[in-house]
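Visitor: quick one, what's the 3D model for this:
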Amino acid sequence: MKEETVYSDITVVGGGLAGVCAAVAAARLGSKVALINNRGVLGGNSSSEVRVWVCGATAHGTNRYARETGIMGELFLENQYQNPDGNPYLWDLVVLELVKAEPNIQLFLHTDVHEAEANGPEDDRLIKSVTGWMMGSERKIRFESPIYLDCTGDGLVGFLAGAKYRIGREARHEHDEEWAPEIADDITLGSTLLFYTKDAGHPVKFVPPSFAKDITKTLIPIKRVIRSGDSGCHYWWIEWGGELDTVHANEQIRDELWSVIYGIWDYIKNSGEFEADSMTLEWVGSLPGKREYRRFLGDYVLNQNDIIAQTPFEDRIAFGGWSIDLHPPQGMYAAESGSKHMHADGIYHIPYRSLYSANVRNMLFAGRNVSASHVAFGTTRVMATCAVMGEAAGTAAALCVRSSVTPRQLHAERLAELQQTLLKQDASIIGLPIADGLDIAQQATVTASSHFRHIAAVQTSGSTEYALVNDVGMLLPVDGGLDSVELLVDAIQDTELCVEVWDTGRMENYVPASKQLEARAALSKGEKQWVSLELGWLPELPQNAFLVILQNEAVKLHSVQQTIPGVLAFERKAAPNASKDLEDHDEGQPVIEWSMKHMAGRLFSFKANAETRAYAPAKAVDSIVRPYGGPHLWMSEEITELGEQWLRLDWERDQRIAELRLTWNADVNEDLINLHHHRTPFEVLPDVVKAYRIEAMLAGQWVTVASERNNRRRLNVLRLEQDVSTKALRVVIMETHGASFAQLVRVSVYS
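Guide: Model (predicted):
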């Protein structure tokens, strides 16, 4: 046996997506990081060992413009390019490559941390070291650093160090939560094993093992959905153990889950009720995917009311958007639905105070063990949300090391620095303005070759009739007023069309909140006629308008295959995504009531007749880098008509330019996934700019100082080979990955 000690700035224990993003964030800020994982692959429940797809704030397309950016966003985009079919082993590689690209990270796989040295009184503990055993190498490794991050999921490091935590459900009175039980208990969400199937192309028999459960003697065939072609996360509901201790009963839970998996497969193969003669098992998991165990206590406990109210915390450092998603304690054996869901009206915000320990002064945490009530944990637990909290925790850890402060002191003394550092890295914060005093682009006059001024979807080819049997909606950015809207309609008979204009309440929401006005127009019988509705809406601040076109069975709209950033089409009361036996959603909640799932990539034919400033050149240097009450980007007119497009920055005097940061539009409304939930038709999002060059005005001529021919990332950091002194810069867009418009969310320039 070999004994050794590893010294670093930060020790991250746990190699799930929270730990990975924490380690990468800290390493990119210059910290030396030890990243420790007890398995041989990174990614936690998303890895090839467990194979849960990475869900996040989009909630599988329920929330608009909610896909994560920052490091998790990088992973989504890179997996989309390298692994469009969702191969779990290639996903492992995408995550591993992200970590291996950082020279400041030392990676320790197969290393199980099971000791922690900590001292101090109960309310002020200090971790001195953690120790792990590297299996297969017979190495006992002691890790010492000023800051520790517990990203283990189960919270073992914090537990060993004496951190305060909770297990189970709080009583309702503790946080006044509607979904909490009257009396606290130890109930948690259970664990799951998944399996993959495939068609072998020839008859395959299945002889069940002796321990396979006869599921016909359970409620499973009646209360759950079983289909022979389903695979992987379609069977997320194979869940059990919520009434047990999910850690100490892990082996018992695994055995029960195995018995049900093989029982389900026996039922599919041998009951005669399915066409499964050539189907075979391709893979069966052996490592239960845990949903819940310890939740640490931080300086703030996020709760159900914060989620539903979308509380805009002053110390917000990330966002989520998955529903509050709780499961019955009996799991797969329950008579009720496999899950019940409560949705906010959009994304919600996560405070930094929920990411550090209330009583261990040098410990942060991220993932499913953060400081949240059991009910709030029902949404924060999904992996993309865990990942963005990991990036925030890793960033905070790096700043703590740099400034020699504790995580709590960082909140008290350097909160703005934390938030601005995250925003500069394109992390997942919504509605918080960038205030970067070093960005000299803020001092420039901004012009462009062109910009998109008239919002319309009027293409005639490929239009489809759409019967107005239910209300439909349209979201439009309003920056300069909304005078009138024209719609292309067919009228079966003389009738009247009614349109309502609603605001969305919060800038981060995309559902109707308050009705502002309505307009009516008489229609004569006839096809493909443009009808004008006078609106005259001039809000004080630029924001989105939600137009509700009221149901009228005598009217047909026309829809076209077209996308415009910031413009969306909705259906009211669309068909549910899943059986109520699996998912119980309240269809009256606005984000469920107004769905885009059948309108993805389509718009109703319309014209907004007022000129808009929503895509003006100045938007590329404003303080918001995500859609928020509007698209917040510069967009040109169509490239096909005008050729290369450019955005220009002019200063009154020479500026010495050393670095640029370009944030491209990667359409955060598109729901991406790492595994097999769905496949998108493109490997790189069409809106992303593929080829561009940076030009500086030198001696009266434009000179190229940097260029890129094959970009596929949202954030590009360009450090010039040598500083350039100039009064003017241009970002020249030569090619996109398919979009008809050049789009730039933000340009920042540094001396």
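Visitor: show me where this protein has helices.
Guide: Applying DSSP state H to the chain gives helices spanning 17-28, 70-82, 88-100, 156-161, 172-175, 220-223, 250-270, 304-309, 374-380, 383-403, 407-424, 590-593, 639-642.
Visitor: quick one, longest strand in the protein?
Guide: Across the chain, the longest stretch assigned as strand under DSSP state E is strand 715-736.
Visitor: for this structure, which element, helix or strand, carries the lowest mean pLDDT?
Guide: Within the chain, no helix or strand scores below helix 639-642, which has a mean of 72 by mean pLDDT, DSSP states H and E.
Visitor: chain center to stretch 369-387, what's the gap?
Guide: In terms of C-alpha atoms, centre = their mean, to the nearest Å, the centre of stretch 369-387 is found 13 Å from the chain centre.
Visitor: again but with stretch 210-221, I slipped
Guide: For stretch 210-221, the distance to the chain centre is 36 Å (C-alpha atoms, centre = their mean).
Visitor: what of stretch 675-690?
Guide: 15 Å.
Visitor: burial check on Leu488, number of neighbours?
Guide: Residues lying near Leu488 (other C-beta atoms under 10 Å) number 22. Heads up, the C-betas are built off the backbone N, CA and C, glycines and all.
Visitor: so Trp594 touches Ala513, yeah?
Guide: No. Between Trp594 and Ala513 there is no contact under C-beta atoms under 8 Å: 11.4 Å.
Visitor: the two - which one has more neighbours?
Guide: For Trp594 versus Ala513, the count of surrounding residues by other C-beta under 10 Å is larger for Trp594: 24 against 14.
Visitor: of all the helices of the chain, which lies closest to Asn710?
Guide: Across those, Asn710 has its closest neighbour in helix 70-82 (10.6 Å, C-beta to C-beta).
Visitor: for that closest one, packing partners?
Guide: With contacts defined as 3 or more C-beta pairs under 8 Å, 6 or more residues apart in numbering; DSSP states H and E, the packing partners of helix 70-82 are helix 17-28, helix 88-100, helix 383-403.
Visitor: what's the mean pLDDT across that helix?
Guide: For helix 70-82, mean pLDDT rounds to 98.
Visitor: ok, now stretch 227-236?
Guide: 91.
Visitor: what's the answer for stretch 85-92, then?
Guide: The model assigns stretch 85-92 a mean pLDDT of 97.
Visitor: list of residues touching that stretch?
Guide: Applying C-beta atoms under 8 Å, 6 or more residues apart in numbering, the contact partners of stretch 85-92 are 41-43, 46-48, 51, 53, 79, 82-83, 673-677, 679.
Visitor: ditto for stretch 327-339
Guide: Under C-beta under 8 Å, 6+ apart, the answer for stretch 327-339 is 187, 189-190, 218-220, 223-224, 236-243, 260, 291, 325-326, 340, 580-584.
Visitor: swap in stretch 72-84?
Guide: Residues outside stretch 72-84 that contact it (C-beta under 8 Å, 6+ apart): 17, 21, 54, 56, 67-68, 90-91, 93-95, 98, 384, 387-388, 391, 426, 428, 666, 668, 672, 674, 679-680, 682-685, 712-715.
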